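A.B. asks: please find the sequence and the predicted model below.
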Amino acid sequence: MRSWRDVCETPAVNLVSLLLERADEAPDAVALVEGDRAVSYAELESLAALVAGGLAKLGVAPGDRVAIACYNDVGFVTTYLGTLWAGAVAVPLNPLAPQSVLAGQAARVQASVLVCGAGTEELLGLPGAIQVSELSAGEPMAAEVERDDAELAVLLFTSGTAGAPRAAMLTHGNLAANIGQVQGHPGLRVRSDDVGLAALPFFHVFGLNVALGVALQAGMRTVLLDHFDAARAVELIRVHGITIVAGVPTMFGAFLDLPEELASPVSFTSVRLAVSGAAELPLERAEAFRARFGITIYEGYGLTEAAPIVSTTAIEDSPQWGSIGPPLPGVDVRLVGDDGEDVVAGDPGEIWVRGQNVFIGYWDDPDATARVLVDGWLHTGDVAVADDRGYLSLVDRKKDLVIVSGFNVFPAEVEEVLLAHPEIADAAVIGVPNPRTGEAVAAWVVLEPGAHLTVEAVREHAALHLARYKVPAKVEIVESLPRNEAGKLLRRELRASS
């Protein structure tokens, strides 16, 4: 098994060779568990070769795009690995998306094939659709197609929190680099004797390159969960002795919502590392999780365009709450002000990221690429502050900044105040046009079950803790907030409804 430095610094012939190294070193070691089925690394390698052969028989050539609409199952993993093996470009899609969306995304990247798995048979009527089982029925491809670090491996549609989703182009080198950066981090590094729970969807970069990619490179066992269900996940953790849990805040909240007969205080005894990403982890949830289960959840920061992890708090027993930690080894970060200069410690600045993990741009969108990739730096649009130790704390998204009469209002600050109210379960804030002040603060709040808070009471609570220009001028009480599968708030949907 190559060291993390080898992973980062040695040019990979093809990412799949990195992910399937364990097949040579310990062929009988279990790679995947799906229900009662256990798949060894040797079997996984054979299945990937079969899929690659099936794709080649269909005429898929190196560089062609292969769309994958599968749940978290063996079919997804073998199709992903087989696509890389054939030198093609994997395009994981959300199998729960409407058929029109899936067809549109596949067409946008000119996918040669749309691979459907168990539970997505209704998609077989779409252009180019084929079942995973049909790809595995022929002859295997003898050896993986040679690819270098700069060649495209994966296209992932971004979550589109600030606009229409775009397809981010990640190379073999980008994905391998972030795997190496994770494995080079003493708090995140996983081992071959670890057992992971793959509950994050593989069409999301956190699931694809962390829950799956890092796990395969480390040679560990991964238990697949096709649809997240908190009670089922807890049972899998108990039965399989899960040691690594990667999730999003909504998942950890779902664990806390389970009654004690389904999630006792010892349910997570086997877990040695729990990490949360994709959205901010509320302090109250992290504290409640540790108090009930004795597990510290480490928070991180990343984005699709960075393949994905940039920073993490997984470096000490008691992380600094509210922080996203310092950058991973091999990842450079700057905090830059509006004047283009680095800000001093304690002042907010846009996060710029540089490293081998940073993507090469958006598919067929040079203008969007030019806006975010400048002189090798990825302009994330996220705003953070850093302390004297280099620990980062997110302030907000730069593009979500609200300007009221010339004064800056960060939505996250207002949301934090709203969430501090005991009767508010969730909150979201955006700016809306105002003829007098340019913009005004608007808030959507979800109440706790049984609560009867009024709009005026929400504004009065905000006024106790915020400057007057930061108090929401508009408040709507709703049953839920629009979030994507990773738990990230979709502010664009709120804007559309305002």
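C.D. replies: Thanks, I have it. Numbers count the residues shown, from 1 in each chain.
A.B. asks: just say helix, strand or coil for Leu256.
C.D. replies: Classification of Leu256 by DSSP: H, G, I helix; E, B strand; the rest coil places it in helix.
A.B. asks: the residue nearest to it when sequence neighbours are not counted: how many residues sit nearby?
C.D. replies: Counting by Cβ to Cβ, 6 or more residues apart in numbering, Ala288 is the residue found nearest to Leu256 once chain neighbours are left out, at 5.7 Å. In this view, the C-beta of every residue, glycine as well, is placed from N, C-alpha and C. Look at Ala288: counted by other Cβ atoms under 10 Å, it has 15 neighbours.
A.B. asks: Ala288: which element?
C.D. replies: Take DSSP states H and E as the rule and Ala288 turns out to sit in helix 283-293.
A.B. asks: may I see the buried residues of that helix?
C.D. replies: Arg285, Ala286, Phe289, Arg292, Phe293 (16 or more other Cβ atoms under 10 Å).
A.B. asks: pLDDT-wise, what's the bottom of these?
C.D. replies: Checking pLDDT across the buried residues of helix 283-293, the minimum falls on Arg285 at 86.
A.B. asks: my guess is Ala278 contacts Gly207. True?
C.D. replies: No - if you go by Cβ atoms under 8 Å, Ala278 and Gly207 don't touch, sitting 9.7 Å apart.
A.B. asks: okay, those two: which has more neighbours?
C.D. replies: For Ala278 versus Gly207, the count of surrounding residues by other Cβ under 10 Å is larger for Ala278: 28 against 25.
A.B. asks: check contacts around the residue nearest to Glu121 when sequence neighbours are not counted.
C.D. replies: Spatially, and ignoring its direct neighbours in sequence, Glu121 is nearest to Gln131 (7.3 Å; Cβ to Cβ, 6+ apart). Contact analysis of Gln131 by Cβ atoms under 8 Å, 6 or more residues apart in numbering lists Val115, Cys116, Gly117, Glu121, Leu124.
A.B. asks: run a quick check on the second one versus Tyr71, I expect a contact.
C.D. replies: No - when contacts are counted by Cβ under 8 Å, Cys116 is not listed as touching Tyr71 (10.4 Å).
A.B. asks: which one of these two is surrounded by more residues?
C.D. replies: Neighbours around Cys116 and Tyr71, counted as other Cβ under 10 Å, are more numerous at Cys116. The numbers are 26 against 19.
A.B. asks: tell me what the more buried one is bridged to.
C.D. replies: Beta-bridge pairing of Cys116 under DSSP bridges involves Ala69, Gln131.
A.B. asks: separation between it and Glu280?
C.D. replies: Using Cβ to Cβ, to the nearest Å, Cys116 is found at 34 Å from Glu280.
A.B. asks: hang on, the earlier thing: show me which of the contacts of Gln131 are buried.
C.D. replies: Buried by 16+ other Cβ under 10 Å: Val115, Cys116, Gly117, out of the contacts of Gln131.
A.B. asks: where does the first one land on pLDDT?
C.D. replies: Looking back up the chat, that one is Val115. Val115 carries a pLDDT value of 97.
A.B. asks: could I get the buried residue list for the longest helix belonging to the chain?
C.D. replies: Secondary structure assigned by DSSP state H gives helix 41-57 as the longest helix of the chain. Buried positions in helix 41-57, judged by neighbour count with 16+ other Cβ under 10 Å: 41-56.
A.B. asks: what do you get for stretch 435-446?
C.D. replies: Using 16+ other Cβ under 10 Å as the test for burial, stretch 435-446 gives Thr437, Glu439, Ala440, Val441, Ala442, Ala443, Trp444, Val445.
A.B. asks: please, which helix or strand holds the fourth one?
C.D. replies: Which is Val441. Val441 belongs to strand 438-447 when assigned by DSSP H and E.
A.B. asks: what residues does the longest helix of the chain touch?
C.D. replies: Against helix 41-57 from outside (Cβ under 8 Å, 6+ apart): 16, 20, 22-23, 26-32, 39, 66, 74, 77-79, 81-86, 88, 113, 132, 134-142, 144-145, 219.
A.B. asks: likewise stretch 445-452?
C.D. replies: Residues outside stretch 445-452 that contact it (Cβ under 8 Å, 6+ apart): 418, 422-428, 453, 458, 475-481.
A.B. asks: of these, buried ones?
C.D. replies: Buried, going by 16+ other Cβ under 10 Å: Leu418, Ile424, Ala425, Asp426, Ala427, Ala428, Leu453, Val458, Val475, Ile477, Leu481, out of these.
A.B. asks: so of those residues, which ones are in strands?
C.D. replies: Of the buried ones among the contacts of stretch 445-452, the ones assigned to strands by DSSP state E are Ile424, Ala425, Asp426, Ala427, Ala428, Val475, Ile477.
A.B. asks: would you point out the most distant pair within the residues you listed?
C.D. replies: Ala425 and Val475 (14.7 Å; Cβ to Cβ).
A.B. asks: residue ranges with poor pLDDT in the stretch 251-400 of the chain?
C.D. replies: Residues of the stretch 251-400 of the chain meeting the criterion pLDDT under 70: 318, 397-398.
A.B. asks: can you show me the helices along it?
C.D. replies: Assigned by DSSP state H, counting those that start in this stretch, the helices in the stretch 251-400 of the chain fall at 283-293, 366-372.
A.B. asks: which secondary structure elements does the last one sit against?
C.D. replies: Secondary-structure packing of helix 366-372 (3 or more Cβ pairs under 8 Å, 6 or more residues apart in numbering; DSSP states H and E): strand 361-362, strand 377-386.
A.B. asks: repeat that for the first one.
C.D. replies: Using 3+ Cβ pairs under 8 Å, 6+ apart as the contact criterion, the elements in contact with helix 283-293 are helix 249-257, strand 297-302.
A.B. asks: which residues touch the residue nearest the centre of the chain?
C.D. replies: By Cα atoms, centre = their mean, the chain has its centre lying nearest to Phe206, at 3.2 Å. By Cβ under 8 Å, 6+ apart, the residues touching Phe206 are Leu200, Ala246, Val248, Gly277, Ala278, Gly302, Pro308, Ala486.
A.B. asks: about what we covered before: of the contacts of helix 41-57, buried ones?
C.D. replies: With burial judged by 16+ other Cβ under 10 Å, the buried subset of the contacts of helix 41-57 is 16, 20, 22-23, 26, 29-32, 39, 66, 74, 77-79, 81-86, 88, 113, 132, 135-136, 140-141, 144-145, 219.
A.B. asks: out of the residues you listed, list just those in helices.
C.D. replies: Filtering these for helices - DSSP H - leaves 16, 22-23, 74, 77-79, 81-85, 132, 135.
A.B. asks: I'd like those residues as CSV, with pLDDT and distance to Gln105 appended.
C.D. replies: Shown next, in CSV, are those (pLDDT from 0 to 100; distance: Cβ to Cβ, whole Å):
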residue, pLDDT, distance to Gln105
Val16, 97, 23
Arg22, 95, 32
Ala23, 94, 32
Val74, 97, 23
Val77, 98, 21
Thr78, 98, 22
Thr79, 98, 16
Leu81, 98, 21
Gly82, 98, 20
Thr83, 98, 16
Leu84, 98, 19
Trp85, 98, 23
Val132, 93, 19
Leu135, 92, 20
